[in-house]
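In: no sequence on this one, just coordinates:
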Ligand SMILES: NC(=O)c1ccc[n+]([C@@H]2O[C@H](COP(=O)([O-])OP(=O)(O)OC[C@H]3O[C@@H](n4cnc5c(N)ncnc54)[C@H](OP(=O)(O)O)[C@@H]3O)[C@@H](O)[C@H]2O)c1
């Protein structure tokens, strides 16, 4: 039986997706940097669900890392029928004040590696009777977010890339879905450098398992775009209706003085 490959599988949303798929008796290939965490997750999921779990510890923000993932699957004879591009992060700060390497690292992970993984896994995904790509964007992708400008733009890229790819593949067995979570309780806030907002954010955050359930259901339902939770869906609809400067000003006041 072919595997589901999940990037960022040790984090809040990725790990919840791993549980969601393992419950359905789907074997998993888990990818992230921390081999210690991946080892623990492999042990826990194997014992709990009795599925096959393999993992690869790799930094996906390094150029060429997507090819290393493909090589690992080829060398081990792992075939993939679900590809979940979930690894990603945001970094808070004004563009001019942020070291360029930080921004390019984030863009490599959030956009380039995601496109590369889709591209190089497509030949084997097309050979399956039915296969899936699930790309993780964000509700931040629907508007500009000052101080998270590059992050929001990178997630906008994910939405448009995914929509285009879906249409390109409409006569193939590959179904392509984009999921946009809103605030979700994970390590995301800390990695973005927004710890001071954590308490406030938690009040509006969804649980990672709820987000994962909606995302996986959307993927198997062959949806094009999924926004997790009614409140998030409503806020995205408002960004379409309102003049652009209004949601941008709201985001600016939310994030600029983050404490
Ligand atoms: N949480 C939110 O509020 C929220 C909202 C909207 C969208 N999202 C999106 O949801 C996705 C998952 O984020 P999360 O909230 O679950 O955050 P998280 O808890 O920080 O998890 C991130 C995952 O990505 C992995 N990762 C990070 N950098 C990596 C790298 N360079 N190479 C390989 N793996 C890497 C992390 O593992 P290692 O650190 O061990 O590598 C971890 O498994 C991201 O794409 C994020 O942008 C999150």
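Out: Okay, I see it. All values derive from a computational prediction rather than experimental measurement.
In: alpha carbons only for contacts and neighbour counts from here, please
Out: OK.
In: Quick one: residues contacting residue 252.
Out: 145, 146, 147 (C-alpha atoms under 8 Å, 6 or more residues apart in numbering).
In: how about 7 Å then?
Out: 145, 146 (C-alpha atoms under 7 Å, 6 or more residues apart in numbering).
In: A strand includes it, no?
Out: No: Residue 252 is assigned helix when assessed by DSSP: H, G, I helix; E, B strand; the rest coil, not a strand.
In: how close does it sit to residue 20?
Out: Distance from residue 252 to residue 20, counting by C-alpha to C-alpha, to the nearest Å: 35 Å.
In: Neighbours of the residue nearest to residue 180 when sequence neighbours are not counted, how many?
Out: In space, and not counting its chain neighbours, residue 180 is closest to residue 138: 4.0 Å by C-alpha to C-alpha, 6 or more residues apart in numbering. Using other C-alpha atoms under 10 Å, residue 138 has 23 other residues around it.
In: Test my guess that residue 138 contacts residue 178.
Out: No: at 9.2 Å, residue 138 and residue 178 do not qualify as touching, with contact defined as C-alpha atoms under 7 Å.
In: what about stretch 79-96, average pLDDT?
Out: Stretch 79-96 shows an average pLDDT of 97 in the prediction.
In: So it, near the ligand or not?
Out: Yes: legend: contact between stretch 79-96 and the ligand by C-alpha under 6 Å from any ligand atom is shown at 86, 87, 88, 89.
In: Mark which of those residues are part of helices, please.
Out: Here DSSP state H is the test, and the residues of stretch 79-96 next to the ligand give no hits in helices at all.
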